[in-house]
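>>> Kindly generate the corresponding structure for this input.
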Amino acid sequence: MKVILRQDLDNLGEAGDVVKVKNGYGRNYLIPQGLATLATPGAIRHAEEIKRQAAHKISQKKTDAQALAAEIEKTPLVIKAKVGEENRLFGTVTVQQLAVQLQERGIAVDRRKIDLEDIRTTGEYTAAIKLHSEVTANLKVVVENEEEEEEEETESTEA
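Just a heads-up that it's a prediction; the model follows:
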């Protein structure tokens, strides 16, 4: 008996696959449990069409993720932070701060998809953003002292 799987089954195959099983297994277990349907010619064509559409959606999502990755990697994010002795930050730079700055640029990224090392001093860092199972963007993060900019502004207004 040929059946079309509706779900991934470890011992048989993935959803949408047409597999041959023993009559009793298909009739008494797979079909009543809703794990498979009988493989008629029309059902096979329908399953192939669904697989084709799913493959198209996956490739479209990957293409969108690659375009977003290129946009993210174009320009670095500049984070201003309070700095103490030896350029050490008061606190740390968080993924939430990066997500908010990206949102201000018009790039919506879930903060849970950002992988950031522990940032405790000023300098340049790289954050990995997982956009798709096969696409990762590397975001350049520059941490600067916020007081240096204020001092430069007061000097330029005094002169």
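>>> Tell me which stretches of the protein form strands.
2-5, 18-20, 36-38, 77-81, 114-115, 123-132, 135-145 (DSSP state E).
>>> Would you mind listing the buried residues in the first one?
In this case it means strand 2-5. 3-5 (16 or more other C-beta atoms under 10 Å). Every residue, glycine included, has its C-beta placed from N, CA and C.
>>> For that strand, give me every contacting residue.
With C-beta atoms under 8 Å, 6 or more residues apart in numbering as the test, strand 2-5 has contacts from 12-21, 26, 30-31, 35-39, 43-44, 47.
>>> what domains does the record give for the chain?
As given by automatic domain parsing, the domain ranges for the chain are 2-54, 65-158.
>>> least reliable of the ones you listed going by mean pLDDT?
Comparing mean pLDDT across those, the lowest value falls on domain 65-158: a mean of 85.
>>> can you give me how far it is from the chain middle?
Distance of domain 65-158 from the chain centroid (C-alpha atoms, centre = their mean, to the nearest Å) equals 18 Å.
>>> nearest to residue 128, of the buried residues of strand 2-5?
Comparing the buried residues of strand 2-5 against residue 128 with C-beta to C-beta places residue 5 closest, at 35.3 Å.
>>> is the closest one in a bridge, and if so with what?
Counting by DSSP bridges, residue 5 is bridged to residue 36.
>>> For the closest residue in space to residue 96 that isn't next to it in sequence, give me its contacts.
Nearest residue to residue 96, sequence neighbours excluded (C-beta to C-beta, 6 or more residues apart in numbering): residue 111, at 5.5 Å. Applying C-beta under 8 Å, 6+ apart to residue 111 gives the contacts 95-96, 98-99.
>>> give me that answer again for 10 Å
Listed by C-beta atoms under 10 Å, 6 or more residues apart in numbering, the contact set of residue 111 reads 94-100, 102-103, 129.
>>> Let's have the strands of the chain in TSV, adding distance to residue 71.
Listed next are the strands of the chain as TSV, based on distance: least, C-beta to C-beta, whole Å:
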stretch	distance to residue 71
strand 2-5	39
strand 18-20	41
strand 36-38	43
strand 77-81	13
strand 114-115	15
strand 123-132	10
strand 135-145	8
